[in-house]
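In: With the input below, show me the fold.
(one chain, ligands or ions: 1)
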Amino acid sequence: MDIKERKSIALLVGSLRKESLNRKLAVVMGELAPDSLDLELVEIGNLPLYNEDLDQDPPGEWTEFRKKIAQADAILLITPEYNRSTSAAMKNAIDVGSRPYMKNVWSNKPAAVISLSQGAIGGFGANHHLRQSLVCVNALVMAQPEMYIGAAGNMFDENGKLTDSKMEELIHKFFRSFNRWLSNFIE
Ligand SMILES: Cc1cc2nc3c(=O)[nH]c(=O)nc-3n(C[C@H](O)[C@H](O)[C@H](O)COP(=O)(O)O)c2cc1C
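Out: Numbers count the residues shown, from 1 in each chain. Okay, the predicted model is just below:
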């Protein structure tokens with residue numbers, strides 16, 4: 001087992017738009033993370049759509065992304081809900097990381113999923129579709145606590161600051177559980 005003072009966490013955001021609430025949550029989570037977790041946002045919007053033919057001579061963006069995921073101690077995925085699933089961008093990132101065959105960078109990687117939506121059910125469908133793919137690529141997906149954030153439209157001010165103190169407490173709680181769970185894999 002590795003002995004580490006700080007665990008490196010690759011943070012993936014499934015929405016690509018500038019004013020994304022999921023991205024705002026990611027930024028806030030970076031600020032609220034405990035010292036033991038080092039969160040780094042890994043961009044997925046620049047990844048060419050997965051096409052097996054391209055893996056003969058993979059695009060640099062894929063290689064860079066695969067390296068970042070392979071080097072991280074764990075992954076935190078924050079997803080919007082698009083038509084009751086995760087976004088195409090997030091699914092593409094999963095596909096890119098899962099190939100070439102036998103070089104799947106997700107395998108045995110601890111991972112947690114958070115879904116955030118403006119809708120009432122907090123991206124439940126997205127959360128579970130994403131978990132399904134992560135289990136398929138042999139990521140070690142944290143079962144509990146589940147985190148579905150609904151009605152997120154008014155949760156941040158115009159500067160992206162979290163205005164909901166209950167949500168802040170929930171994020172701290174999530175980090176406590178995540179950190180404790182990670183110590184099953186990384187001390
Ligand atoms: C293509 C598309 C499909 C969507 N489908 C859903 C959905 O199934 N459930 C839901 O709660 N919200 C849905 N929404 C609304 C998103 O939850 C909302 O736009 C959210 O703010 C997106 O996340 P973002 O702010 O990080 O971009 C959809 C939005 C788009 C653009």
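In: Regarding the residue most central in space within the chain, which helix or strand does it belong to?
Out: Centroid check for the chain by CA atoms, centre = their mean gives residue 77 as the closest residue, at 1.1 Å. Residue 77 is part of strand 74-79, with elements assigned from DSSP states H and E.
In: which stretches of this protein form helices?
Out: Counting by DSSP state H, one finds helices in the chain at the ranges 21-32, 60-71, 88-98, 124-136, 165-182.
In: Export those as a markdown table, with columns for mean pLDDT and distance to residue 51.
Out: In this view, the C-beta of every residue, glycine as well, is placed from N, C-alpha and C. Formatted as a markdown table, the entries for the helices of the chain read as follows, by pLDDT from 0 to 100; distance: least, CB to CB, whole Å:
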| stretch | mean pLDDT | distance to residue 51 |
| --- | --- | --- |
| helix 21-32 | 98 | 26 |
| helix 60-71 | 98 | 10 |
| helix 88-98 | 99 | 10 |
| helix 124-136 | 98 | 18 |
| helix 165-182 | 97 | 34 |
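In: Can you add mean neighbour count and give those helices back as a markdown table?
Out: Supplementary listing: the helices of the chain in a markdown table, determined by neighbours: other CB atoms under 10 Å:
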| stretch | mean neighbour count |
| --- | --- |
| helix 21-32 | 20 |
| helix 60-71 | 16 |
| helix 88-98 | 21 |
| helix 124-136 | 19 |
| helix 165-182 | 15 |
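In: For this protein, I'd like the single residue that approaches the ligand most closely.
Out: Among all residues of the chain, residue 119 sits closest to the ligand, at 2.6 Å; criterion: CB to the nearest ligand atom.
In: For the strand holding residue 77, name the packing helices and strands.
Out: Helices and strands touching strand 74-79, as assessed by 3 or more CB pairs under 8 Å, 6 or more residues apart in numbering; DSSP states H and E, comprise strand 7-13, helix 21-32, strand 110-116, helix 124-136.
In: let's go with 6 Å and repeat that
Out: Applying 3 or more CB pairs under 6 Å, 6 or more residues apart in numbering; DSSP states H and E, one finds that strand 74-79 makes contact with strand 7-13, helix 21-32, strand 110-116.
In: what angle sits between that strand and helix 60-71?
Out: 120 degrees (axes from the mean of the first three to the mean of the last three CA atoms, to 10 degrees).
In: List of residues touching strand 74-79?
Out: Contact partners of strand 74-79, identified using CB atoms under 6 Å, 6 or more residues apart in numbering, comprise 9-14, 22, 25-26, 86, 90, 109-115, 126, 130, 182.
In: now stretch 161-180
Out: When contacts are taken as CB under 6 Å, 6+ apart, the neighbours of stretch 161-180 outside the stretch itself are 28, 32, 34, 112, 145, 147, 155, 156, 157.
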